[in-house]
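Colleague: curious how this folds, go ahead:
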Amino acid sequence: MPLDVVHSACPHDCPSTCALEVERLDAYRIGRVRGARDNPYTAGVVCAKVARYAERQHHPGRLAQPLRRVGAKGEGMTAFRPIAWDAALDIVAEGLTRATQRYGSEAVWPYFYAGTMGLVQRDGIHRLRHVMRYSRQLETICVSLADAGWFAGVGVRRGVDGREMAEADLIVVWGGNPVATQVNAMTHISRARKERGAKLVVVDPYRTGSAEVADMHLMVRPGTDGALACAVMHVLFREGYADRAYMARYADAPGELEAHLESRTPDWAAAITGVPAPQIVEFARLYGRTKRSFIRVGYGFSRLRNGSVNLHAVTCLPTVTGAWQHRGGGALYSNGGLYNIDDRLIKGLDALDPSTRILDQCRIGPVLTGDKRDLGDGPPVAALFIQNTNPMTVCPDTTKVRDGFRRADLFVCVHEQFMTDTAAMADVVLPATTFLEHDDFYKGSGHTFLQVTRKVVEPFGEARSNHWVLCELARRLGADHPGFRMSEWELIDASLRASGLPDAETLHRNHWHDCSLAFESMHFLDGFGHADRKFHFKPDWQGMGAGGAGLPALPDFAPVNDTVDTTYPFRLVAAPARQFLNTTFTETPGSQAREGRPTVLVHPDDCARLGVADGMRVRVGSRQASIVVHARAFDGLQPGVLVIESIWPNGAFEEGLGVNALVSAEAGPPKGGGTFHDTAVWLRPA
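Modeller: Below you'll find the model as predicted:
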C-alpha cells in the first residue's frame with residue numbers, strides 16, 4: 001500500500017521554514033519527514049533533527065493532560081497532578097483576574113516567542129493581551145540587534161532572494177553556520193560551487209561545520225566584525241574595486257565614507273580582529289573582483305552589544321562594490337518583510353492601547369525580581385501566561401530568572417509540549433499541540449514562500465492548540481473580540497483575504513505562494529527602503545532607540561562589548577548546537593546522543609597555560625554566575641576565546657544552572673537585544 005504523504009511546513013525558529021512532506025501512517029502517527037522536493041528553496045532537503053521528527057512527535061515524555069502543581073516549584077513531573085481542562089482553565093482565569101484585581105491589568109504579562117513561527121498559533125496571544133490591557137512585550141531575544149543593523153543601511157527587512165546563492169561566484173557566510181542552523185542555504189551554496197566553481201568564505205569566531213567546508217575562514221575575535229568590514233572597504237577603495245558611479249546614485253555619503261576609512265587599514269583591523277592583515281587583503285581582493293558576490297548575513301550579529309554596528313558595516317560592502325546590481329550579488333539577512341500580511345485580526349490590533357507598558361522579554365529576570373529600571377512606578381508582574389518559549393533556560397541571567405519564578409506571590413501558567421524548566425516552575429501546565437496537530441500559516445525569512453498548512457494527525461492525548469486555549473481563556477475573562485469567535489482556518493482565510501492574497505484553500509492546495517518581487521526591487525535598483533531611496537552609510541542610530549546616541553556615525557569598530565580584563569580574560573560565545581534548536585529537540589534521544597554533554601571549547605595554548613586536560617571538568621565564571629562543564633581542546637578558535645554550544649536544559653549541568661546563567665540581561669544598543677555571544681569570563685579547573 002502506498003504511503004500517505006502530506007504537505008506541511010516546519011514551524012521552528014529557523015530562517016528556512018522548510019516545506020515538508022510528512023509520511024502519515026494513520027490518524028495519530030507519522031513516519032519519516034522530508035523536505036518538499038518540488039519547492040525550489042527547500043529542494044528536498046531538511047535538517048537531520050526535523051527528519052527525525054517522529055522521535056519528538058511520539059515521545060513518551062510529551063504532556064498529555066492538564067496538570068496542577070501540588071509540590072515544589074522546579075521539581076518536575078512529580079510535583080504535579082492531573083486535572084480536567086475546564087478546571088485548569090478556571091484556575092488560570094482566576095489567577096489572571098486576581099492579579100488584575102490587586103494591581104491592575106498591567107500586572108499580567110502574556111509572555112511568548114517563536115516556539116512556533118505559525119502566525120495564528122504564535123501571535124494570537126497579542127489579541128488577549130490587547131483586549132485585556134495586559135503588559136506588552138518588547139521582543140528582543142532574537143533579532144533586535146541584527147534588525148537594527150540591517151535597517152540602518154538598507155531601510156527595509158528584505159534582501160536578495162536566497163535562491164540566487166546558486167548563481168553567485170562568491171558566497172560569504174558572515175555571522176552564521178548554515179551547516180548546523182540553515183541547511184537549505186548550503187544546498188544552494190553547494191550548487192554554486194559545483195556548477196560555477198564558486199568560492200565559499202566563512203567569517204566566524206570559530207571553526208564551525210560551515211567553516212570546515214569553506215575555501216577561506218576568517219576567524220575573527222567575537223564582536224570585531226565591524227573592524228574587518230572597514231578594512232575590507234579600505235582595500236576596495238584603495239585598489240580601485242569601489243564602484244563610485246553606483247554609490248553616487250544609490251548611497252548617501254560615499255565621499256565621507258572613503259575619507260573615514262583611510263585610517264582603517266588591514267594592519268589596524270588585524271590588531272583588533274586577530275585576522276592576519278594579508279588574509280584581510282586576500283579576501284578584500286577576492287570580494288572586489290567578483291561581481292556576483294553574495295553575502296549571507298547570519299543571526300550571530302544579533303547576539304553582541306555592537307552587533308548592529310557590525311552588521312551595518314558588513315552591508316556596506318555590496319554597496320561599495322555595486323554588487324547589488326548583479327544577479328547572484330548583494331546580500332540577504334531576512335526576507336521577512338516581503339509578505340505584508342494583514343495581522344490586525346490575529347493580533348487584535350484594533351484593541352491595542354499604546355499607553356500600556358512594554359516589558360523587555362530578555363529582562364524577565366530583572367522584571368520578576370522588581371527592578372525599577374523595568375517597572376518604574378508600575379505594578380509588579382503578578383501573573384504570567386506563557387506560550388511558545390522556555391525563559392527559564394533561554395533567557396539571560398538564569399539565576400535572576402529563577403529567583404523571579406520562585407516568588408510565592410507569582411502565578412504562572414505554561415502551555416507546553418514537554419515538562420521544560422519553565423513548565424516545572426508553573427502553577428498550571430497545559431498540554432500543547434505540535435505543528436502537525438493544528439492549522440496555521442507561515443512566512444519565510446531565508447526564502448520568499450508563504451505556506452498554509454492543515455492538521456496532519458490528531459492531537460496527542462488531550463493536547464490543545466494555542467488558539468483554542470486563548471479562546472477558552474477569553475470566554476472566561478470576558479475578552480470580547482471577533483478573533484476569539486473564529487476557528488484557526490477562518491483566521492487564516494480572513495487574514496489572507498485582507499492582505500490581498502489568495503484564499504486559504506487555494507494556498508493550501510498549491511502548498512506555497514511565492515512573494516518575491518521583481519529583480520529590480522529585490523536588488524534595490526528602484527531604490528533602498530529609506531525615504532531618500534538611498535543606502536545609508538550614515539545611519540540614524542538615535543532615531544532607532546535611546547541606546548543609539550553613542551554609536552559611530554559611519555561604519556566602524558564600536559568597542560562597547562563586555563569588558564575583557566585580567567579578572568575576566570576570556571570572551572565566551574554561547575553558540576547554537578547543531579542538534580538542538582534553542583531548547584527544542586533537547587528532549588529527543590537522537591539529539592542528546594549526538595551532542596553528548598555540555599562542553600566548552602578551549603584553545604590548546606589556553607589549556608596548557610591553565611593546566612586543563614581534554615575532558616577535564618572546568619568552572620567558567622562571569623560577572624553574573626559560574627557553571628561547571630567539561631573542556632575540549634580545540635584549535636579552531638583564537639586563544640582567549642571560549643565556545644559553549646548549547647542550549648542544554650539547566651538540569652544537564654551538574655549544578656542545575658545552564659550556560660545563560662553567565663549572560664548579562666543588559667540590553668544592547670540601539671533598541672535592546674540579548675547579548676548571548678558577548679560575555680567576559682574566567683576559566684579554571686573545577
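Colleague: element containing Tyr6?
Modeller: Let me fix one detail, which is that residue 6 is Val and not Tyr. For Val6, the element it lies in under DSSP states H and E is strand 4-9.
Colleague: hmm, Arg122 is touching His12, no?
Modeller: No. Between Arg122 and His12 there is no contact under Cβ atoms under 8 Å: 11.3 Å. Heads up, the C-betas are built off the backbone N, CA and C, glycines and all.
Colleague: neighbour count: those two, which is higher?
Modeller: Arg122 (23 against 20; other Cβ atoms under 10 Å).
Colleague: can you tell me how far the more buried one sits from Pro589?
Modeller: Distance of Arg122 to Pro589, computed by Cβ to Cβ, to the nearest Å: 27 Å.
Colleague: show me the contacts for Ala43.
Modeller: Gly35, Arg37, Asn184, Thr187, His188 (Cβ atoms under 8 Å, 6 or more residues apart in numbering).
Colleague: what's the answer for Arg684, then?
Modeller: Contacts of Arg684 (Cβ under 8 Å, 6+ apart): Leu610, Val618, Arg619.
Colleague: which one of those residues sits in the busiest neighbourhood?
Modeller: With neighbours taken as other Cβ under 10 Å, the top of these is Val618, carrying 21 neighbours.
Colleague: any idea how far that one lies from Ala84?
Modeller: Val618 sits 48 Å away from Ala84, going by Cβ to Cβ.
Colleague: just His513 next, same as before
Modeller: From His513 to Ala84 the distance is 41 Å (Cβ to Cβ).
Colleague: likewise Arg454?
Modeller: Counting by Cβ to Cβ, the gap from Arg454 to Ala84 is 28 Å.
Colleague: and what of Ser626?
Modeller: 44 Å.
Colleague: comparing those two, which shows the higher neighbour count?
Modeller: With neighbours defined as other Cβ under 10 Å, Ser626 and Ala84 compare such that Ser626 has more, 17 against 12.
Colleague: got the contact list for the residue nearest to the spatial centre of the chain?
Modeller: The centre of the chain sits closest to Cys142, judged by Cα atoms, centre = their mean, with a distance of 4.0 Å. Residues near Cys142 by Cβ under 8 Å, 6+ apart: Asp13, Tyr113, Ala114, Tyr299, Ser302, Gly674.
Colleague: show me the shaky parts of the chain.
Modeller: In the prediction, the chain carries residues with pLDDT under 70 at positions 1-2.
Colleague: for it, what's the longest helix?
Modeller: helix 85-103 (DSSP state H).
Colleague: contacts for that one next, please.
Modeller: Helix 85-103 has contacts (Cβ under 8 Å, 6+ apart) with 66-68, 83, 107-108, 132, 379-380, 382-383, 385, 411, 413, 427-428, 430, 462, 464, 469, 472-473, 476-477.
Colleague: let's see which of these end up in helices.
Modeller: Using DSSP H, Met132, Val469, Glu472, Leu473, Arg476, Leu477 are the members of the contacts of helix 85-103 that sit in helices.
Colleague: among those residues, which ones are buried?
Modeller: Met132, Val469, Glu472, Leu473, Leu477 (16 or more other Cβ atoms under 10 Å).
Colleague: tabulate those residues in JSON lines, adding columns for distance to Gly545.
Modeller: Formatted as JSON lines, those follow (distance: Cβ to Cβ, whole Å):
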{"residue": "Met132", "distance to Gly545": "27"}
{"residue": "Val469", "distance to Gly545": "33"}
{"residue": "Glu472", "distance to Gly545": "37"}
{"residue": "Leu473", "distance to Gly545": "33"}
{"residue": "Leu477", "distance to Gly545": "33"}
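Colleague: from the contacts of Ala43, which is closest to Tyr28?
Modeller: Tyr28 lies nearest to Gly35 out of the contacts of Ala43, by Cβ to Cβ, at 23.6 Å.
Colleague: look up how far Ala284 lies from the closest residue in space to the closest one that isn't next to it in sequence.
Modeller: In this structure, Gly35 finds its nearest non-sequential neighbour in Val46, 3.8 Å apart by Cβ to Cβ, 6 or more residues apart in numbering. Distance of Val46 to Ala284, computed by Cβ to Cβ: 36 Å.
Colleague: now do Leu352
Modeller: With Cβ to Cβ as the criterion, Leu352 and Ala284 are 47 Å apart.
Colleague: in what helix or strand does the residue nearest to Gly35 lie?
Modeller: For Val46, there is no host helix or strand (DSSP H and E).
Colleague: now name the helix or strand holding Val173.
Modeller: strand 170-174.
Colleague: packing partners for the helix or strand that comes right after that strand?
Modeller: With elements assigned by DSSP H and E, the helix or strand that comes after strand 170-174 is helix 178-181. Judged by 3 or more Cβ pairs under 8 Å, 6 or more residues apart in numbering; DSSP states H and E, helix 178-181 is in contact with helix 183-196, helix 209-212.
Colleague: hang on, isn't Ser334 packed against Pro15?
Modeller: Yes. Between Ser334 and Pro15 a contact is recorded at 6.8 Å, counting by Cβ under 8 Å.
Colleague: overlap of the contact sets of the two?
Modeller: Common contacts of Ser334 and Pro15 (Cβ under 8 Å, 6+ apart): Ser445, Gly446.
Colleague: comparing these two, which residue is more hemmed in?
Modeller: The residue with more neighbours, out of Ser334 and Pro15, is Pro15; 25 against 21, by other Cβ under 10 Å.
Colleague: three-state assignment of the closest residue to the more buried one other than its chain neighbours?
Modeller: Excluding the flanking residues, the one nearest Pro15 by Cβ to Cβ, 6+ apart is Gly446, at 3.4 Å. Under DSSP: H, G, I helix; E, B strand; the rest coil, Gly446 falls in the coil class.
Colleague: could you check how far Gly446 is from Ala99?
Modeller: Distance from Gly446 to Ala99, by Cβ to Cβ: 40 Å.
Colleague: kindly report the same for Thr588.
Modeller: 35 Å.
Colleague: redo the contacts of Ala43 as TSV? Include neighbour count and distance to Arg56.
Modeller: Below are these laid out as TSV (neighbours: other Cβ atoms under 10 Å; distance: Cβ to Cβ, whole Å):
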residue	neighbour count	distance to Arg56
Gly35	23	17
Arg37	11	23
Asn184	28	20
Thr187	20	23
His188	27	27
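Colleague: just these now: which is nearest Gln57?
Modeller: Gly35 (17.0 Å).
Colleague: for the closest one, what are phi and psi?
Modeller: Backbone geometry at Gly35, expressed as degrees, to the nearest 10, gives phi -70, psi 140.
Colleague: could you do Arg617 as well?
Modeller: With angles defined as degrees, to the nearest 10, Arg617 sits at phi -70, psi 130.
Colleague: Arg632 too?
Modeller: The phi/psi pair for Arg632 (degrees, to the nearest 10) is phi -130, psi 120.
Colleague: do the same with the one 5 residues further on
Modeller: Dihedral angles of Leu637 (phi, psi; degrees, to the nearest 10) stand at phi -150, psi 170.
Colleague: ok, and the closest non-adjacent residue to it?
Modeller: Counting by Cβ to Cβ, 6+ apart, the residue nearest Leu637 is Tyr206, at 4.0 Å.
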